[in-house]
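[1] The following comprises the amino acid sequence and a computationally predicted model.
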Amino acid sequence: MELLNIPYKVSHRAVKYPRLEFKTGELLIVLPFGAKPEILLDKYKNWIIKQFNFIKGCLESTENRKLIMRSEEMFRKLIHSLTRETAKELRVELNHIYFRMMRTKWASISPAKNLTINSLAKYLPEYLIRYVIFHELAHIIEKRHNEKFWGIISRKFKNHQKLEREMFIYWFLVSNHCKKGMK
Ligand SMILES: [Zn+2]
């Protein structure tokens, strides 16, 4: 399907609100059951164009960036030391660190204070790994992405918007790298 030369796919799911997903750089429009894409596409046209241009910019930016190659052992050591450092800084306690291949995010934190790191984060430059860990541990203090949360983040990372964008760029870079590897 195409809208204003933007290729996209539609998926109807049990969701309350429509949303956009860009897991591998392709636009997926998730709609509540019964919702017609045409009406929503028209209503969210400007938003979609804005998102698409953002993604396009990210994809273009992947050209001048490189994945970091480090061993599994180096990666785990780095995660453990950065997590220790960050937990101290934020004065939070953490239970466990798990490593798992994840298809939709770099990391997550559970209510039981377990940090799960996407194994693919091993390709990220250290400053982004640092940011990912800080972001997740800040969720121990504030679960939602609200003003309080971004307040905590911006105390240390004034450029967090730029870093969030970098995370997208690397997401595409890593996805492409993995796709090539599977061929
Ligand atoms: Zn978050």
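    Yep, that arrived. Model, not experiment: these values are computed from the prediction. Numbering: from 1, shown residues only.
[2] Tell me which stretches of the protein form helices.
    Applying DSSP state H to the chain gives helices spanning 37-43, 45-61, 72-90, 126-141, 147-156, 160-182.
[3] By mean pLDDT, show me the worst of those.
    Per-stretch mean pLDDT for the helices of the chain is lowest at helix 37-43 (a mean of 73).
[4] if we can go back for a sec, quick one: which of the helices of the chain is nearest Ser119?
    Evaluated over the helices of the chain, closeness to Ser119 peaks at helix 72-90, with 8.2 Å, by Cβ to Cβ. The way it works is simple: take the backbone N, C-alpha and C, and place the C-beta from them, glycine included.
[5] Show me which positions of that closest one end up buried.
    Judged by neighbour count (16 or more other Cβ atoms under 10 Å), helix 72-90 contains these buried residues: 75-76, 78-79, 82-83, 86-87, 90.
[6] could you check the angle helix 147-156 makes with it?
    Orientation of helix 72-90 against helix 147-156 (axes from the mean of the first three to the mean of the last three Cα atoms, to 10 degrees) gives an angle of 110 degrees.
[7] could you list every residue that touches the residue lying closest to Leu124 once chain neighbours are set aside?
    Distance criterion Cβ to Cβ, 6 or more residues apart in numbering; nearest residue to Leu124, sequence neighbours excluded, is Tyr170 at 5.7 Å. By Cβ atoms under 8 Å, 6 or more residues apart in numbering, the contact set of Tyr170 is 65, 67, 123-124, 128.
[8] Any quick ChimeraX command for the buried ones out of the residues you listed?
    Applied in ChimeraX, the following selects the buried portion of the contacts of Tyr170 according to 16+ other Cβ under 10 Å:
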select :67,123,124,128
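[9] how about the CA coordinates for stretch 95-111, as CSV?
    The C-alpha coordinates for stretch 95-111 follow below in CSV (Å, rounded to 0.1, in the frame of the first residue of the first chain):
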residue,chain,number,x,y,z
ASN,A,95,18.0,-7.0,40.9
HIS,A,96,19.4,-8.8,37.9
ILE,A,97,20.7,-8.1,34.5
TYR,A,98,19.6,-10.4,31.7
PHE,A,99,20.8,-10.5,28.1
ARG,A,100,18.3,-11.4,25.4
MET,A,101,17.8,-10.9,21.7
MET,A,102,14.9,-8.5,21.4
ARG,A,103,13.1,-7.4,18.2
THR,A,104,11.5,-4.2,19.3
LYS,A,105,13.7,-2.5,21.9
TRP,A,106,17.2,-2.0,23.1
ALA,A,107,16.5,-2.7,26.8
SER,A,108,13.7,-2.9,29.3
ILE,A,109,13.2,-2.8,33.0
SER,A,110,10.6,-4.9,34.9
PRO,A,111,8.6,-4.0,38.0
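[10] residue contacts, Leu123?
    Actually, residue 123 is Tyr. It isn't Leu. 67-69, 170, 173-174, 177.
[11] which of the residues you listed lies closest to Lys156?
    Checking these one by one against Lys156 (Cβ to Cβ), the nearest turns out to be Tyr170, at 19.7 Å.
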